[in-house]
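What would the 3D arrangement of this be:
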Amino acid sequence: MDYEENITFSINEVAKMLGVVSATIRNWEKHGLITVKRSRSNYRVFTPDDIEVLKKIKEYSVDKHMGMHAIKMLLPKAGGSDLEQCVEQSKEVNYSRKLISEKWREIRRQQGYTLEEVSRAVGISTAHLSKLENGGSVSLDLLNKLAHFYRESPLYFLESRGPENHLVRKGQGDPIQLKSDPGLEMVSLIAMREHMMYPVLCTVEPGCGNLTPHSHNGEEMIYMLSGVVEIRLNDDPPYILHPGDTFYYRGSDTHCWKNISPKPARLLWVHSAIAK
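Model prediction:
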């Protein structure tokens, strides 16, 4: 394809538009965040669509200080329109454990909601919600919406894949692939069917974490193993956690947190699902 026949811009022009230096764009290319086209003279050229992608990369990288791994997860996949990608994402089930469908029905009844009220709140049909409560599959987006509506962690609705056991050996925890937050890898440290605590080992890429302020039921505790994490709680000044620090808060407090160190952070996160 001859890109010189279309509207294209040089790397210097694009760098000026974005407010970065050309070396920054070349670094994004080096890390595979964007595939750069070349002119007949082998110069880098950028289309308006490329510039929109670069604006997103700058937002994640420069403004939000996110790591390359997390940015790759957030960027649209090559090929296919935005509509096609949206459809595919809505079909994708981004969790590694089986959903406990009975819990959806139990918690709805415990909190006194009808099928119509919940389906209206999360934007699905009553038939869809009824199917979910009877073992139907659910997308990541809907899982998070329902968990947020019921003020519970998504972990509350998942069960362990392996056999029930009081002991979880080092390196044998069950991976939890919710992917609700990019750059966050979680491993369960419990293998029991019925439990009130959800201990999880988290590895967090630089600039990543649970970035959206939110609240829910229960209580939470964080114990820092490595790295530096910033926690924002209600209107308090930011709390900075270093290795060996412990932080406790109620889920009803508005909170969010992220790794502010240049290397991956590791932390023990314990959520206790206490019904309100």
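
Show me the helices in this structure, by range?
11-18, 22-30, 48-58, 68-74, 82-91, 101-110, 115-122, 126-133, 140-149 (DSSP state H).

Just put those helices in a markdown table and tack on mean neighbour count and distance to P213.
Just so you know, the C-beta spots here come from the backbone N, C-alpha and C atoms, and that holds for glycine as well. Shown next, in a markdown table, are the helices of the chain (neighbours: other Cβ atoms under 10 Å; distance: least, Cβ to Cβ, whole Å):
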| stretch | mean neighbour count | distance to P213 |
| --- | --- | --- |
| helix 11-18 | 16 | 28 |
| helix 22-30 | 16 | 29 |
| helix 48-58 | 16 | 22 |
| helix 68-74 | 18 | 19 |
| helix 82-91 | 11 | 23 |
| helix 101-110 | 16 | 23 |
| helix 115-122 | 16 | 20 |
| helix 126-133 | 16 | 27 |
| helix 140-149 | 18 | 12 |
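
lowest-confidence stretch among those helices?
Of all the helices of the chain, the minimum mean pLDDT falls on helix 82-91 (a mean of 39).

Show me where the stretch 151-276 of the chain has its strands.
Remark: strands assigned in the stretch 151-276 of the chain by DSSP state E, counting those that start in this stretch are 174-176, 184-188, 197-204, 209-214, 219-226, 229-233, 239-241, 246-250, 255-259, 265-272.

okay, the ones you listed, which one's buried deepest?
The highest mean neighbour count among those, using mean count of other Cβ atoms under 10 Å, belongs to strand 255-259: a mean of 22.

Report back the residue of the protein that's furthest from centre.
Distance from the C-alpha centroid of the chain peaks at S41, with 41.1 Å (Cα atoms, centre = their mean).

where does G123 land on pLDDT?
pLDDT, G123: 86.

and it, what is it in contact with?
K145 (Cβ atoms under 8 Å, 6 or more residues apart in numbering).

Nearest to E185 among the helices of the chain would be which one?
For E185, the closest of the helices of the chain is helix 68-74, at 9.6 Å, according to Cβ to Cβ.

follow-up on the earlier one: mind putting the strands of the stretch 151-276 of the chain into JSON lines with mean pLDDT?
Listed next are the strands of the stretch 151-276 of the chain as JSON lines, based on pLDDT from 0 to 100:
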{"stretch": "strand 174-176", "mean pLDDT": "74"}
{"stretch": "strand 184-188", "mean pLDDT": "83"}
{"stretch": "strand 197-204", "mean pLDDT": "89"}
{"stretch": "strand 209-214", "mean pLDDT": "81"}
{"stretch": "strand 219-226", "mean pLDDT": "94"}
{"stretch": "strand 229-233", "mean pLDDT": "95"}
{"stretch": "strand 239-241", "mean pLDDT": "97"}
{"stretch": "strand 246-250", "mean pLDDT": "94"}
{"stretch": "strand 255-259", "mean pLDDT": "91"}
{"stretch": "strand 265-272", "mean pLDDT": "91"}
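
Among those, which comes closest to K30?
That would be strand 255-259 among these, by Cβ to Cβ, at 22.7 Å.

helices or strands up against that closest one?
strand 209-214, strand 229-233 (3 or more Cβ pairs under 8 Å, 6 or more residues apart in numbering; DSSP states H and E).

Y239 pairs with what?
I231 (DSSP bridges).

what do you get for R250?
E219.

Wait, it touches E219, no?
Yes: judged on Cβ atoms under 8 Å, R250 makes contact with E219 at a distance of 5.5 Å.

In JSON lines: the helices of the chain, plus distance to V36.
Listed next are those as JSON lines, based on distance: least, Cβ to Cβ, whole Å:
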{"stretch": "helix 11-18", "distance to V36": "8"}
{"stretch": "helix 22-30", "distance to V36": "5"}
{"stretch": "helix 48-58", "distance to V36": "8"}
{"stretch": "helix 68-74", "distance to V36": "16"}
{"stretch": "helix 82-91", "distance to V36": "21"}
{"stretch": "helix 101-110", "distance to V36": "46"}
{"stretch": "helix 115-122", "distance to V36": "40"}
{"stretch": "helix 126-133", "distance to V36": "42"}
{"stretch": "helix 140-149", "distance to V36": "31"}
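
out of those helices, nearest to G209?
helix 68-74 (9.7 Å).
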